[in-house]
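> everything below, folded, please.
(3 chains)
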Amino acid sequence: MPSETSRLAVRKTYKLYVGGAFPRSESGRSYPVYSAKGTWMANAVLASRKDVRDAVAAARKAFPGWAGRTAYNRGQILYRIAEMLEGRRDQFATEVAEAEGLDRAAALAVVDASVDRWVWYAGWADKIAQVLGNANPVAGPYFNLSTPEPTGVVGVVAPAESSLLGLVSVMAPVIVTGNTAVLLASEERPLPAVTFAEVLATSDLPGGVVNLLTGRVSELLPWLASHFDVNAIDLTGVTDPELAAEAERAAAENLKRVVRPPQGPVDWSADPGLERMTAFVETKTVWHPKGM
Amino acid sequence: MTFEYAPAPESTSIVDIRPSYGLFIDGEFRDSIDGDTIKTINPATEEVLSEVVAAGPRDVAAAVEAARRAYQTVWGTMPGTERAKYLYRIARIIQERSRELAVLETIDNGKPIRESRDVDLPLVAAHFFYYAGWADKLSYAGFGPHPRPLGVAAQVIPWNFPLLMLAWKIAPALACGNTVVLKPAETTPLTALVFAEICQQADLPPGVVNIITGAGETGRHLVEHPDVDKIAFTGSTEVGRQIARAAAGTRKRLTLELGGKAANIVFDDAPLDQAVEGIVNGIFFNQGHVCCAGSRLLVQESIHDELLTALKRRISLLRLGDPLDKNTDIGAINSAAQLERIRALSEIGELEGAERWSAPCPLPDRGFWFPPTVFTGVSQAHRIAREEIFGPVLSVLTFRTPEEAVAKANNTPYGLSAGIWTEKGSRILWMADRLRAGVVWANTFNKFDPSSPFGGYKESGYGREGGRHGLEAYLAV
Amino acid sequence: MRKLAGMTATTPLPAVADLVNMPEAWRTLLHGLPSVDQVGAEQRAAMLATRSIKTTSKAWALDLAIRMVDLTTLEGADTPGKVRALCAKARRPDPTDPHCPQVAAVCVYPSMVSTAAAYLAGTGIKVASVATAFPSGQAPLEVKLADTRAAVAAGADEIDMVIDRGAFLAGRYSEVFDQIAAVKQACGNAHLKVILETGELATLDNVRRASWLAMVAGADFIKTSTGKVQPAATLPVTLVMLEAVRDFRERTGRQVGVKPAGGIRTAKDALRYLVLVNETAGPDWLDPAWFRFGASSLLNDLLMQRAKLATGHYSGHDYVTLD
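Reported below is the predicted structural model:
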């Protein structure tokens, strides 16, 4: 990058984000990441199956606490993420522009849409139960109430092409309802995701709620999909149909909930709807007699 | 040994009260066109705090006009995502300035700082935060795919929770795309005027929120203004009736949150220590200036004596005095007029033969004060069991069976809230089915949350505030 | 009651005395106590924790709290040297201030009682000893009684026993009662503090029941915790125990003390407990004879806050003694 002065820039080491900390891979491996124009950007961590294992353990540990927070509190924290992201608007515009080959205006629009996406999901924290839940008029002297509850630990393959907006669009709906997540960042464009982890780390989000790995999806996904302590898996970012089918078969072993890869390109700027939230909640119905 | 807590007054240096205030119209503070002035006082000291305008009809018209213009040119057409962000800003600024607002609320209203700090202000911020989230999700709220705002909302609020009632009114109205003209109560206008400043800090477009101060006459001009699409009123049932009459024959939408005479029903299997806390909180929270206060204690006869002993012991511990003292439980009565009403009804209670007991707490020399008071031997025929006292006065009645408890609880023209204390879950639900009240608390009382709808049956009014249901009052559905 | 329902008309009716002696009798009594709503109890405790104690009342309360401390060491690594140092600290918590009060007691294992008694003789500071197979209580009754007698013989003024939580949770209330009563007898003139280990009892209903069981069995004090189990003392648990001693005195005329132990580390915590005492059991309990803190690091924080009040600036860890 040309510099106006002769000062040598201090570069950032891109690491994983697991359990609220930024470790390197236990494997000690890395892989080169190139910009959309083909210039070398950085060495990203090439995570291993053991990093998957650690990330799932961190997500499981964080789950009861996060699910047990009040919905209001989760909403506040998601909104805080939006605030922190807005504060780094320029930095993300630069990283997204380089990763995705966008001009500055287009990159800024992506960042702005990403901020707004967090604002949209922040509001859902204490409303989703009001839209999905309800009192059921059963024919008998019973109180009967259905409410959505988080599924648990969700593995997510982030979209390959949309390095920030796509990432937050699959991350926010998982955690807003109280799930915890292990995300595989875009393999070719992982740097905005790692920088985004810095936003999470400064947003009062408890460590372990979101765990972010970089590396080869083909290497990591089978371990994530077959992990028995993972309750659901989102294959949105899987571009190889055979790999996705294999993951879905592995997921069947402990009956993980599965979101299949989209058919055709996704417009990440569109209204997200509810489906990414409803995919990762369980409906619980409580019965209780009524009598004096 | 006695553990006397030394005075622990909250600092007032955080608030800056101006000697006088104008009206907040079209984004700026303006002098009145045709209004008078009224003084607002600190009810704990009777000191004059500031002078505010009693807005006249032309002031009201200017405010409605500004609201109409803002509705047509900016707010009614703005995407929900952008409205949401304004409301989030307001929520955040309220959080940032919460201590200042709490102190000011306590000075102007007389409520203990512990309550304004720990109850009012957190709920105010939460209410804006909650409705901010709805602004871009209205099509999911269950009122059709494309719900539209109503237009200009005229909102008149009471003095018991000045800023909280403002939040209950303004947050859903703005989230749905309406603009508002809000009139705070004449005895508690100051936090609403700081809220006007907060709208400025949030860069809210001019005219979206207009705050006009004044008394009943100003409120009448406002709700009767022909260019108002929606009236939201919280206050007495009598004024609510007048507004409903005045709105008859117009196209104005109306929601009313009025008085109450709630029954707090305690069964013999109740968690007694917590029931005592709930009874105390139910009637002495905010000096009993609460429309949903548990002012009728219905106690199962088999535990009457035991419960009353525990209750009086607990009430004797309440600390009455300087509302700014962090250890004060019971603050000042909001106004001389309200104190007079509480005294008058209490005297009637004695005359009608109920037994009066008041906590043995000394009352300050200046300001408006009334000790926590319990009437026992009350029956449904007593006026203190029928009329809303709106003060720290509890009427105790007894019952023998669940049916009798329900019958007595419902035997009132009001129907705002009710409380049930029992360890038996099925009885809670059986009772809740039969109680004709908009909110039923079981093993708790006076709990509020922005996500939970609030409002009454019968003469306690109509419409709900809070929750998804609270959107309906501000949407053309 | 279930037994009665199953009886036929030909079965002779049991006498009242038989009913009272049925194993279910304790269950009937303890479960007949008013239940505790956890949310409500926690809210009450949290509200009282907002009380603001300033200036003169703070100075008074800090000194009272120091006088209520059972300065404790209960480690496998305890030695006579460690206990001696603790006793010195108990006598003169702040060597720079002759007006600083001494603590209520020093609390040690039975093997350290004679050491502590020797160093505290004539000071008025009590020697408290844990006993009855502390902290688990998982030993035969004879062992527990021998443990108790040994501690008393060595000079303990106060015995901190643990209840058999396993028996309590299994509903064998009469067994727990009998053990407490037996230990009480073994104590002789020593005061008996009964540790409920509320962290293992889990519910506030259990805390209330265990409190009553211990009081009826003869406890002079009821104590929250051993300090070896988390959570140890909490405000809601102590609130429920203070309600229990209040109600027990109202019904029986006998006053029982309360000792929260474990996890109380700061002066602010201690003041919150004193407020809880003041507004629950009442001022009669605001005395080292009726309320104690089982603690080790609390004392130094009380001393630092005391110094802050006296000097007007915050003290530091290098200005209080470490023993």
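> when you work out contacts or count neighbours from here on, use the C-alpha atoms and nothing else.
OK.
> in stretch A:11-23, what's buried?
Using 16 or more other CA atoms under 10 Å in any protein chain shown as the test for burial, stretch A:11-23 gives A:14, A:15, A:16, A:17, A:18, A:19, A:20, A:22.
> a markdown table please, covering those and showing distance to chain B.
Shown next, in a markdown table, are these (distance: CA to the nearest CA, whole Å):
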| residue | distance to chain B |
| --- | --- |
| A:14 | 32 |
| A:15 | 33 |
| A:16 | 32 |
| A:17 | 29 |
| A:18 | 30 |
| A:19 | 29 |
| A:20 | 26 |
| A:22 | 30 |
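> so which of the residues you listed comes closest to chain C?
Checking these against chain C by CA to the nearest CA gives residue A:19 as the nearest, at 23.8 Å.
> tell me which element the single nearest residue of the stretch 1-150 of chain C relative to chain B falls in.
With CA to the nearest CA, the shortest gap between the stretch 1-150 of chain C and chain B falls at residue C:35, namely 4.7 Å. Counting by DSSP states H and E, there is no helix or strand that carries residue C:35.
> list the contacts of the closest residue to it other than its chain neighbours.
Spatial nearest neighbour of residue C:35, excluding adjacent residues (CA to CA, 6 or more residues apart in numbering or on different chains): residue B:271 at 4.7 Å. Counting by CA atoms under 8 Å, 6 or more residues apart in numbering or on different chains, residue B:271 touches B:421, B:422, B:423, B:443, C:34, C:35, C:36, C:37.
> how about those residues, which pair is most distant?
B:443 and C:34 (13.3 Å; CA to CA).
> can you tell if stretch B:306-322 touches chain C?
Yes: Stretch B:306-322 comes into contact with chain C (CA under 8 Å from any CA of the partner chain), by way of residue B:317.
> quick test: name the residue nearest the centre of the chain.
Here I'm looking at chain A. Central residue of chain A (CA atoms, centre = their mean): residue A:171, 2.5 Å from the mean position.
> the intended chain is chain C.
The centroid of chain C falls nearest to residue C:223 when counting by CA atoms, centre = their mean (2.0 Å).
> residues of chain B that sit close to chain A?
Residues of chain B lying near chain A by CA under 8 Å from any CA: B:81, B:85, B:126, B:129-130, B:132-134, B:136, B:140-142, B:402, B:425-431, B:451, B:468.
> how does it look with 10 Å?
Within chain B, the residues that sit near chain A (CA under 10 Å from any CA of the partner chain) are B:81-82, B:84-85, B:88, B:126, B:129-137, B:140-142, B:401-403, B:424-433, B:449-452, B:467-469.
> which of these fall within helices?
B:81-82, B:84-85, B:88, B:126, B:129-134, B:402-403, B:425-433 (DSSP state H).
> count of neighbours near residue C:77?
Other residues lying near residue C:77 total 7 when counted by other CA atoms under 10 Å in any protein chain shown.
> actually residue B:135, sorry about that
For residue B:135, the count of nearby residues is 28 (other CA under 10 Å).
> just say helix, strand or coil for the closest residue in space to residue B:125 that isn't next to it in sequence.
Spatially, and ignoring its direct neighbours in sequence, residue B:125 is nearest to residue B:91 (4.9 Å; CA to CA, 6+ apart). Following DSSP: H, G, I helix; E, B strand; the rest coil, we place residue B:91 in the helix state.
> okay, now residue B:91: neighbour count?
25.
> picking up where we left off before, who's the residue nearest to the centre of chain C bridged to?
residue C:195, residue C:259 (DSSP bridges).
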